[in-house]
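1. curious how this folds, go ahead:
(chains A, B and C)
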Amino acid sequence: MQQRLPIAVCFIAGALMFLQYFSPHPVARAVFVTINDYWQIIFAFTLLVGIAAFVRTNLRQISRGKEAPYRLIGLAGLVLMPVLAVFGGIKIESPFQWAFENMLAPMQATVFSLLAFFVASASFRGFRARNAQAVILLAAALVVLIGRVPITEMISDTFPKITFWVQNYPSMAARRGILIGIGLGSMTTALRVILGIERTYLRGE
Amino acid sequence: MNRLKTRWIIFGGLFLIVTLSYLTNIRFKSVASPEIQKSYDYLDSLPEGSVIMVSFDHEASSLPEIQPLALVVLRHAFKNNLKIIGVSLFAEGTAIGYRLLSQTAREYDKTYGVDYVFLGFKPQQISAILGMGESIAHVFPEDYLGTPTDEIPIMMNIVNYDQIEMVISIADGALAVHWIEYVGGQYHQNIMTALTAAMITTYDPYLASGQLYSVIGGLKGAAEYENLLGQPGGGNRGMLAQTSAHVYVIVLIVIGNILYFRGRKNGKA
Amino acid sequence: MDIGLIIAGVLTLAIYTFLYKDNPIYKAAESLLIGLSIGYALVIYWQTTLVDRLLTPLFARGELLMIIPLVLGLLMFTRFSNRLSWLSRIPIALMIGAGAGVAIPAMLYARTLKQISASVMPLMDGGGFNVEALVVIVGLLSTLAYFYFSREHKGAMGITAKIGTYFLMIFFGATFGYTVMSRMSTFIGRIDFLLTDFLRILA
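-> Alright, predicted model coming up:
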């Protein structure tokens, strides 16, 4: 029961969603819409479960005195946004939107911008022309870095032309190879999941 | 020199170079690359009143790069009196999309509900975009602010993708792939993307196969588009700093290699 | 000056203190960011999905069938119970099954067949010899050979796979170049904020 029921649900949902692709019949469309709705709603619940786990873990850590101030700040942030939304709504001039624009978004963008520094550091430390492959890697990176700035464009339009050629043919060919490989792999895995051969999602409680 | 000191020198150098370049406030004229021209020409060719869907498929982390990209698309669309349906498939893209759409609409004196609408967010991207192929109002029964979708004037003649000329996904990740593979594949919808530079090569095969109409890529792409629009903005402002940062990285690569080969030579000797 | 800009500026600088080293100011800002992100997502999911897709149809419009996704969603919470956690596999199975079902045609048509056709077609049409189309075909086949592990990479297969690595390096190199471009753009955006909006050095 604990294994068979989920496998049966997976098979039915998977088979129906696969077959609907080929049918414009109203019943097929209705089945598709229904499963699609359930899929989306259940997905929203997964976030709630995640939040519950986050709160539980943080409260436990606070009670043990582990990094309590930081964890309290985290929980305060979590509570702040819903409180603002409940009392002020989510319109453009609401405190909720204000907190997003002046607190969340600037911090999120700044954390991400730290990567610029680590990319620069990695370029210095890791980008070495050790062998033929590394030389090609280096050359392709330089072609993009040189070819996609306005100064080189002003010197000659050959620079961007070379960049686009490398990007559109040899680079694209390799990416296409990866893409087809992933496509075939995803298709096989999807089929194995629907048929109940692939059951890794049943592991873990 | 220890590793930590080298790191601080590299970090400090980048900070200084970008800041100083930005302060000089020198502007370049970016020539439109073929992809940007193609995107511009397409939006320019649409008759007034055509409906496009703009999907804010990105997070707040990429906002500095995404914002100029989103603005050129929205400005061009509003300038040409196109109607915009805004959606978001990333939670964080929701508040950003809502802000950018509202702000640009004000610039062009557009009316909410008539010239544009923001339907908001739906989770599970594949499910959401496939669902809209059947009925947009079913997936979004209400807009972002809670107005029933079927009461909004712009939505009254819109059932699904059949009434939408183009979906433009403003993305910082692989989300636009879902638009291409699921909506392009199953519903034969035209797809265009405005992407962060890091994602450009990921989409090249779709562009080459024609599954993706065109790409507006990175801050450079935004700068080129701004010039076509005749409205220089964030893209153009950043081009000197962008160039300096590239030169800085190239210099770091060169120095790193010189030190590497010198070390190897000394090691062998 | 707008209080929002001051807060945004201070928080931005707090995050940048990490460049010196990990420190309490950064950690506090990071914790706040995590909390705000989760709180924000909760509001958005609640407002735009749970209310308008589930609660309104079920309680305001009396669509009783919506009890099914409600129950399936609530089953996710059984993950917190050792005895009942297996029940959470049912909604997970539905999501995974649905995802797998729609993925098969998309992967077959949009990702595989379309890409193969786009590689072959340029060789066929146009009449003349097309260098670019040849580069693409060689690149594609050699990359696929590199990822084909059912045969040992020796002889002709080994050479083809080796050529594949060169194409892959071009792709990775170009991607690295664009990634540098992207990360620098993000940083430039933050500098723009600090100099223009926060410090008002640039008008």
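2. near chain B, anything from the longest helix along chain C?
-> The longest helix of chain C (DSSP state H) is helix C:155-192. Yes - using Cβ under 8 Å from any Cβ of the partner chain, helix C:155-192 comes into contact with chain B via C:171, C:174-175, C:178-192. Any C-beta I mention is one placed from the backbone N, CA and C, and that applies to glycine too.
3. residue contacts, the closest residue to chain C within chain B?
-> Nearest to chain C, among the residues of chain B, is B:Pro64, at 1.9 Å (Cβ to the nearest Cβ). Counting by Cβ atoms under 8 Å, 6 or more residues apart in numbering or on different chains, B:Pro64 touches A:Ala109, A:Ser113, C:Ser185, C:Thr186, C:Phe187, C:Ile188, C:Gly189, C:Arg190, C:Asp192, C:Phe193.
4. which of the helices or strands spans it?
-> helix B:63-79 (DSSP states H and E).
5. which elements pack onto the very next helix or strand once past that helix?
-> For helix B:63-79, the succeeding helix or strand toward the C-terminus, using DSSP H and E, is strand B:83-88. Counting contacts by 3 or more Cβ pairs under 8 Å, 6 or more residues apart in numbering or on different chains; DSSP states H and E, strand B:83-88 is packed against strand B:51-57, helix B:63-79, helix B:91-107, strand B:116-121.
6. dump those to TSV, plus distance to B:Leu207.
-> Shown next, in TSV, are the helices and strands packed on strand B:83-88 (distance: least, Cβ to Cβ, whole Å):
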stretch	distance to B:Leu207
strand B:51-57	17
helix B:63-79	16
helix B:91-107	22
strand B:116-121	27
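7. got the buried residues for the helix holding B:Pro64?
-> Using 16 or more other Cβ atoms under 10 Å in any protein chain shown as the test for burial, helix B:63-79 gives B:63-79.
8. quick one: is stretch C:28-43 near chain B?
-> Yes - counting by Cβ under 8 Å from any Cβ, chain B is contacted by stretch C:28-43 at C:Ser37, C:Tyr40, C:Ala41.
9. rounded mean pLDDT for stretch A:132-140, please.
-> Throughout stretch A:132-140, pLDDT has a mean value of 95.
10. next SSE after the lengthiest helix in chain A?
-> Longest helix in chain A, counting residues (DSSP H): helix A:26-63. Going down the chain from helix A:26-63, the next helix or strand is helix A:68-88, by DSSP H and E.
11. following element in sequence after the least confident helix or strand in chain A by mean pLDDT, please.
-> Lowest by mean pLDDT, DSSP states H and E among the helices and strands of chain A is helix A:150-155, with a mean of 89. Scanning forward in sequence from helix A:150-155 by DSSP H and E, the next helix or strand is helix A:158-166.
12. can you give me the angle that following helix makes with helix C:155-192?
-> Between helix A:158-166 and helix C:155-192, the angle comes out at 130 degrees (axes from the mean of the first three to the mean of the last three Cα atoms, to 10 degrees).
13. and helix A:158-166, anywhere near chain C?
-> Yes - against chain C, helix A:158-166 shows contacts by Cβ under 8 Å from any Cβ at A:Trp165, A:Val166.
14. what of stretch B:134-153?
-> Yes - for stretch B:134-153 and chain C, the contact criterion (Cβ under 8 Å from any Cβ) is met by B:Phe140, B:Pro141, B:Glu142, B:Tyr144, B:Gly146.
15. scan the residues of stretch C:28-43 next to chain B and report the most crowded one.
-> C:Tyr40 (29 neighbours; other Cβ atoms under 10 Å in any protein chain shown).
16. these two touch, right, it and A:Met81?
-> Yes - under the criterion of Cβ atoms under 8 Å, C:Tyr40 makes contact with A:Met81 at 4.8 Å.
17. need the overlap of contacts for the two.
-> In contact with both C:Tyr40 and A:Met81: A:Phe100, using Cβ under 8 Å, 6+ apart.
18. now the residue of chain B closest to chain C: how far from C:Ala145?
-> B:Pro64 sits 41 Å away from C:Ala145, going by Cβ to Cβ, to the nearest Å.
19. repeat that for B:Gln231.
-> 49 Å.
20. of those two, which one has the most company?
-> Applying other Cβ under 10 Å to B:Gln231 and C:Ala145 shows that C:Ala145 carries more neighbours, namely 20 against 15.
21. name the nearest residue to that one, ignoring sequence neighbours.
-> C:Thr160 (4.2 Å; Cβ to Cβ, 6 or more residues apart in numbering or on different chains).
22. ok now do that neighbour, which residues does it touch?
-> So C:Thr160 contacts C:Leu141, C:Ser142, C:Ala145, C:Tyr146 (Cβ under 8 Å, 6+ apart).
23. list the contacts of the residue nearest in space to the middle of chain C.
-> Nearest residue to the geometric centre of chain C (Cα atoms, centre = their mean): C:Thr179, 14.7 Å. If a contact means Cβ under 8 Å, 6+ apart, then C:Thr179 has A:Val119, B:Ala197, B:Ala198 as its contacts.
24. of the residues you listed, closest to A:Gln167?
-> B:Ala197 (11.4 Å; Cβ to Cβ).
25. surely that closest one touches C:Phe176?
-> No - taking contacts as Cβ under 8 Å, B:Ala197 lies outside contact range of C:Phe176: 11.2 Å.
26. and the two? Which one has more around it.
-> B:Ala197 (28 against 24).
27. look up how far A:Val144 lies from that one.
-> 9 Å.
28. anything in contact with each of these two?
-> C:Tyr178, C:Met181.
29. pLDDT weak spots in chain A?
-> A:204-205 (pLDDT under 70).
30. can you rerun that using 50?
-> Scanning chain A for pLDDT under 50 picks out A:205.
31. what is the burial count for the closest residue to C:Ile38 other than its chain neighbours?
-> Nearest residue to C:Ile38, sequence neighbours excluded (Cβ to Cβ, 6+ apart): A:Leu78, at 5.0 Å. Applying other Cβ under 10 Å, we find 24 residues neighbouring A:Leu78.
32. so what's A:Leu78 up against?
-> Counting by Cβ under 8 Å, 6+ apart, A:Leu78 has contacts A:Ile51, A:Phe54, A:Val55, C:Gly35, C:Leu36, C:Ile38, C:Gly39, C:Leu42.
33. show me how to select, in ChimeraX, the buried members of those.
-> Per 16+ other Cβ under 10 Å, the buried members of these correspond to this ChimeraX selection:
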select /A:51,54 /C:35,36,38,39,42
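34. let me know the closest of the contacts of A:Leu78 to chain B.
-> C:Leu42 (9.3 Å).
35. ok now the helix or strand that contains the closest one, how far from the chain's centre?
-> In the assignment (DSSP H and E), C:Leu42 maps to helix C:24-45. Relative to its parent chain, helix C:24-45 has a centroid offset of 20 Å by Cα atoms, centre = their mean, to the nearest Å.
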